[in-house]
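Trainee: Give me a 3D structure for the following:
(chains A, B, C and D)
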2 protein chains.
Amino acid sequence: MLSKKTKYALHALTYLGKHRENKTVLIQDIAEEHGISHKFLENILLELRKAGYLGSKKGKGGGYYLIKEPKDIPLSRVIRLLDGPIALLPCVSLNYYEPCAECKDESHCGINKVMAQVRDETLKILENKTLQDILEGE
Amino acid sequence: MLSKKTKYALHALTYLGKHRENKTVLIQDIAEEHGISHKFLENILLELRKAGYLGSKKGKGGGYYLIKEPKDIPLSRVIRLLDGPIALLPCVSLNYYEPCAECKDESHCGINKVMAQVRDETLKILENKTLQDILEGE
DNA sequence: TATTTACCCTATAAAAAACATAGGGAATAT
DNA sequence: ATATTCCCTATGTTTTTTATAGGGTAAATA
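Mentor: Residues are numbered from 1 along each chain as shown, chains lettered A, B, ... in the order given. As a prediction, the model looks like this:
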């Protein structure tokens, strides 16, 4: 399951995607819309900004805004950013690889091989679904 | 990512799948083979037995053994049993459904719709990969 | 039938991760 | 100047995961 962090990030991106004509959106507005803690959401938006999905403006009239096209924001990226690996095991993670302690020989591990296939197929799904798909479903 | 519980369960099932000619296998043997805590593994095997994947025999000469065909043990089942939902959000889980607190109207939520699609496609993958596939990769 | 073996079951504790809050700092509009 | 709003780091709380403990029960064997 996704963490609340990732779930809230998706809600925030969706909200920002729906308000692209406005210049900026306040953290507070998104937080209130979904009943999320302001401060918790703030940390999430910060991460999204650092990752290049959002822009921000300080001071009165400031706020956040989307700087990427919704079609260029795949679920895979958002999940990786906030939740970490998409692979089901560390030993098959492309971005967060770690060997499994209980596995003596990765190259002869059937679990490893199958999980690598699962990873590839799962990635295909999550790379093809984007914020755009979410917005179209609203 | 899968919990260690699920990962160990897969190792145990694999071990039992590779030793089907022997009548039974000791918890201890599996635990030692993979450097897993005996007691932790015991709880996992217990769950697998209750779920109908394993049989057991008490007393001297006892132990565990596989009672299903490897091809009839899909990853989806093992994951659901030990880790819970396969869906990425509670609001699209088939077996562990819960509404999302921050979502006012599920039927008009784009995240919900996309995640339901992701769930369906992910399930296809995990239902088609079985213990048999793991055994063939060893 | 006594003894040993090995699974059965529940409870509890330790560690890690997730979730949330706090509070002052820096930039900007008015 | 001042109010507004994001920026950033640190810390606390809760939940989940991981692991351990210890006695109970059934079966084989002698």
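Trainee: secondary structure element for the residue minimising distance to the centre of chain A?
Mentor: By C-alpha atoms, centre = their mean, the mean C-alpha position of chain A lies nearest to A:Val78, the distance being 1.5 Å. For A:Val78, the host element (DSSP states H and E) is helix A:75-83.
Trainee: does chain B sit close to that helix?
Mentor: Yes: Helix A:75-83 reaches chain B (C-beta under 8 Å from any C-beta of the partner chain) through A:Leu75. Every residue, glycine included, has its C-beta placed from N, CA and C.
Trainee: Could you report the pLDDT at A:Leu88?
Mentor: If you check A:Leu88, the pLDDT there is 98.
Trainee: Next up, the contacts around it.
Mentor: Shown in contact with A:Leu88 (C-beta atoms under 8 Å, 6 or more residues apart in numbering or on different chains): A:115, A:118-119, B:1-2.
Trainee: what about 7 Å?
Mentor: A:Leu88 makes contact with A:115, A:118, B:1-2, according to C-beta atoms under 7 Å, 6 or more residues apart in numbering or on different chains.
Trainee: likewise A:Leu131?
Mentor: A:Leu131 makes contact with A:13-14, A:17, A:70, A:73 under the criterion C-beta under 7 Å, 6+ apart.
Trainee: Repeat the analysis, applying 6 Å as the threshold.
Mentor: Taking C-beta atoms under 6 Å, 6 or more residues apart in numbering or on different chains, we find A:Leu131 in contact with A:13, A:17, A:70, A:73.
Trainee: what does A:Lys68 give?
Mentor: Applying C-beta under 6 Å, 6+ apart, the residues contacting A:Lys68 are A:Tyr53.
Trainee: backbone phi and psi for it, please?
Mentor: phi -110, psi 160 (degrees, to the nearest 10).
Trainee: Could you report the neighbour count for the residue lying closest to A:Gly61 once chain neighbours are set aside?
Mentor: Leaving aside its chain neighbours, A:Gly61 sits nearest to A:Thr24 (7.0 Å; criterion: C-beta to C-beta, 6 or more residues apart in numbering or on different chains). Close neighbours of A:Thr24, defined as other C-beta atoms under 10 Å in any protein chain shown, add up to 15.
Trainee: just to revisit the earlier point, among the contacts of A:Leu131, name the buried ones.
Mentor: Buried members of the contacts of A:Leu131, counted by 16 or more other C-beta atoms under 10 Å in any protein chain shown: A:13, A:17, A:70, A:73.
Trainee: from those, which single one is nearest DNA strand D?
Mentor: A:Leu13 (14.7 Å; C-beta to the nearest atom of the strand).
Trainee: distance of that closest one from A:Ala51?
Mentor: Distance, A:Leu13 to A:Ala51, by C-beta to C-beta, to the nearest Å: 11 Å.
Trainee: Could you do A:Val114 as well?
Mentor: Between A:Val114 and A:Ala51 the computed distance is 31 Å (C-beta to C-beta).
Trainee: Secondary structure, pLDDT and distance to DNA strand D added to the buried ones among the contacts of A:Leu131, as CSV?
Mentor: Compiled in CSV, the buried ones among the contacts of A:Leu131 are given as follows (DSSP: H, G, I helix; E, B strand; the rest coil; pLDDT from 0 to 100; distance: C-beta to the nearest atom of the strand, whole Å):
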residue, secondary structure, pLDDT, distance to DNA strand D
A:Leu13, helix, 98, 15
A:Gly17, helix, 96, 16
A:Pro70, helix, 97, 20
A:Ile73, coil, 98, 18
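Trainee: Nearest to B:Leu94 among these?
Mentor: Nearest to B:Leu94 among those is A:Leu13, at 25.6 Å by C-beta to C-beta.
Trainee: Contacts only, for A:Thr98.
Mentor: Actually, residue A:98 is Glu rather than Thr. Listed by C-beta under 6 Å, 6+ apart, the contact set of A:Glu98 reads A:Pro90.
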